[in-house]
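J.: any chance you could fold what I've pasted below:
(4 chains)
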Protein chains: 2
Amino acid sequence: MAEQNARPGRWRTGAESKQRILDAARALFRQHGYGGTTVRAVAGEAGVDPGMVFYFFGNKQGLFAAAIEMSAQAPPAIEAVFAGGLDGLGERIVRALVENLDASGRTPLAMLTRADDQADALLREYIDREITGRLAKLIATPDAAFRAGMVNVQLLGLTVARYVVRIEPIASAPVDELVSRFGPLVQCCLAEGG
Amino acid sequence: MAEQNARPGRWRTGAESKQRILDAARALFRQHGYGGTTVRAVAGEAGVDPGMVFYFFGNKQGLFAAAIEMSAQAPPAIEAVFAGGLDGLGERIVRALVENLDASGRTPLAMLTRADDQADALLREYIDREITGRLAKLIATPDAAFRAGMVNVQLLGLTVARYVVRIEPIASAPVDELVSRFGPLVQCCLAEGG
DNA sequence: CGGTTTCTTCATCACTGATGAAGTTCAGGC
DNA sequence: GCCTGAACTTCATCAGTGATGAAGAAACCG
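T.: This is a model prediction of the structure:
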């Protein structure tokens, strides 16, 4: 018999296992959502004992929170969108959102709307920090906060309709059509009317 | 000792138990969402054996679907909103949505965005039947379907932002402000620009 | 009355998230 | 070079979950 190779001990550096778990978690959460993903499945995919997931992340929530940590790749793209100033910002926001989400399947943003109360806090904080804050600075009117909120409604609605509930014809519309339709709408939230 | 009153048998008419279960389910689903509500909790709240829930509704999904059966009180209100014609329809839709949802806490519509893939199908079907269909009839332009989709995005975004993720200042804005802000936006989806 | 349907309970299943003990390896101090 | 404590890994185990199926008790029908 071959030696029993499933015995406890220190095999890899912790960071490596942690990374494997995170990768597996991201893939499974994206594919099956929060409720449809089991810690055991994540562990299996990562080639790791389920207990280890809890050792590193405490509980399923912690794993989820770590898996969707967005601060990594989002900021540069967001920065670029807002750098161009208020002119044509609506189109740029919509294009950035849709292209980014199209490219990565069901992304964190879409996944979050599927989680639970605690995940809401994360999403709320994220939106506040990355979107509302920057928008409020660009809009000069006294109702800047409300206008920023309206933009968030557009973005949230678009995301949920296209990626979560998949309402037609929004779900299968080409990017350009969404941009040309919703861009002006967002722009309108930013400046005109109201 | 009192006689053992927890023995099997036919005690109430089935309809009564079914109703108790449905009431309990609605309350708990609304309060804790889909994942946070257990069949056992529903059964306990209804004073009923967990097995009975499955006897009547097959599985948790079936219970959920039955609990959010919307066809009951929604149609009359919806009918009234659309009866007034295209003029000022935006404001009427927004007002109806927000007032209805404010009155009933987290309603089915808000709960649905928290469920899972199968619940998506219900929501999609509901929106298609109750909203998109009627809208498409009122809008005369060839892009009626897309415009209806845009309205759905508004409604969905508003619902998620105010009731699910609770983004400020949308979450605590008074009804009238939402109506005066989003009404024209919806109206714009219906007719102008694009 | 007997037989059937309808409602109800219970025992039980596989599986889930989670905990804690014990074992194994490694890095640093002596 | 060994020792020690920390980091990492496995395992046994727990309560609770959704779900199934058998069997019992009332109600209904003939």
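J.: wondering if stretch A:87-106 reaches chain B at all.
T.: No. Stretch A:87-106 does not reach chain B (Cβ under 8 Å from any Cβ of the partner chain); its nearest approach is 11.0 Å. C-betas here are computed from N, CA, C, even on glycine.
J.: ok, and for that stretch, which residues are buried?
T.: Within stretch A:87-106, the residues that count as buried by 16 or more other Cβ atoms under 10 Å in any protein chain shown are A:89-98, A:101, A:106.
J.: pull the CA atoms of it into CSV?
T.: Provided in CSV are the C-alpha atoms of stretch A:87-106 (Å, rounded to 0.1, in the frame of the first residue of the first chain):
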residue,chain,number,x,y,z
ASP,A,87,-19.7,65.6,-19.4
GLY,A,88,-21.0,62.3,-20.8
LEU,A,89,-20.5,60.7,-17.4
GLY,A,90,-23.9,58.9,-17.7
GLU,A,91,-22.8,56.9,-20.8
ARG,A,92,-19.4,56.1,-19.2
ILE,A,93,-20.9,54.8,-16.0
VAL,A,94,-23.4,52.6,-17.8
ARG,A,95,-20.8,51.3,-20.2
ALA,A,96,-18.3,50.6,-17.5
LEU,A,97,-20.9,48.8,-15.4
VAL,A,98,-22.3,46.6,-18.2
GLU,A,99,-19.0,45.8,-19.9
ASN,A,100,-17.4,44.9,-16.6
LEU,A,101,-20.4,42.7,-15.5
ASP,A,102,-20.8,41.1,-18.9
ALA,A,103,-17.1,40.1,-18.9
SER,A,104,-17.2,38.4,-15.5
GLY,A,105,-20.5,36.6,-15.5
ARG,A,106,-22.3,37.1,-12.2
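J.: can you redo the buried residues of stretch A:87-106 as a markdown table with pLDDT?
T.: Converted to a markdown table, these look like this (pLDDT from 0 to 100):
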| residue | pLDDT |
| --- | --- |
| A:89 | 91 |
| A:90 | 92 |
| A:91 | 93 |
| A:92 | 92 |
| A:93 | 91 |
| A:94 | 94 |
| A:95 | 93 |
| A:96 | 89 |
| A:97 | 88 |
| A:98 | 90 |
| A:101 | 82 |
| A:106 | 58 |
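J.: which of these lies closest to DNA strand D?
T.: residue A:106 (23.0 Å; Cβ to the nearest atom of the strand).
J.: among the buried residues of stretch A:87-106, name the ones in helices.
T.: Of those, the ones assigned to helices by DSSP state H are A:89-98, A:101.
J.: past the helix-or-strand element of chain A with minimal mean pLDDT, which element shows up next along the chain?
T.: One helix or strand of chain A scores below all others by mean pLDDT, DSSP states H and E: helix A:108-112, with a mean of 62. Proceeding N to C from helix A:108-112, the next assigned helix or strand is helix A:117-127, under DSSP states H and E.
J.: list the buried residues of that following helix.
T.: Using 16+ other Cβ under 10 Å as the test for burial, helix A:117-127 gives A:119-120, A:122-124, A:126-127.
J.: and what of stretch A:187-194?
T.: A:187-191, A:194.
J.: now render the residues you listed as a markdown table, adding distance to DNA strand D.
T.: Converted to a markdown table, the buried residues of stretch A:187-194 look like this (distance: Cβ to the nearest atom of the strand, whole Å):
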| residue | distance to DNA strand D |
| --- | --- |
| A:187 | 45 |
| A:188 | 44 |
| A:189 | 40 |
| A:190 | 44 |
| A:191 | 48 |
| A:194 | 45 |
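J.: among these, which are within reach of DNA strand C?
T.: For DNA strand C, no contacts are drawn from those by Cβ under 7 Å from any atom of the strand.
J.: if you count contacts, what does the longest helix seen in chain A end up packed against?
T.: Longest helix in chain A, counting residues (DSSP H): helix A:14-32. Packing contacts for helix A:14-32, counted by 3 or more Cβ pairs under 8 Å, 6 or more residues apart in numbering or on different chains; DSSP states H and E, involve helix A:39-46, helix A:50-57, helix A:60-67.
J.: tell me, how many residues neighbour the residue lying closest to residue A:45 once chain neighbours are set aside?
T.: Excluding its sequence neighbours, the residue lying closest to residue A:45 (Cβ to Cβ, 6 or more residues apart in numbering or on different chains) is residue A:24, at 3.8 Å. By the criterion of other Cβ atoms under 10 Å in any protein chain shown, residue A:24 has 22 neighbours.
J.: for the one 10 residues further on, same thing?
T.: The number of residues packed near residue A:34 is 21, by other Cβ under 10 Å.
J.: equivalent analysis for residue A:137, please.
T.: Neighbours around residue A:137, by other Cβ under 10 Å: 11.
J.: how far away is it from residue A:148?
T.: Remark: distance between residue A:137 and residue A:148 (Cβ to Cβ, to the nearest Å) = 10 Å.
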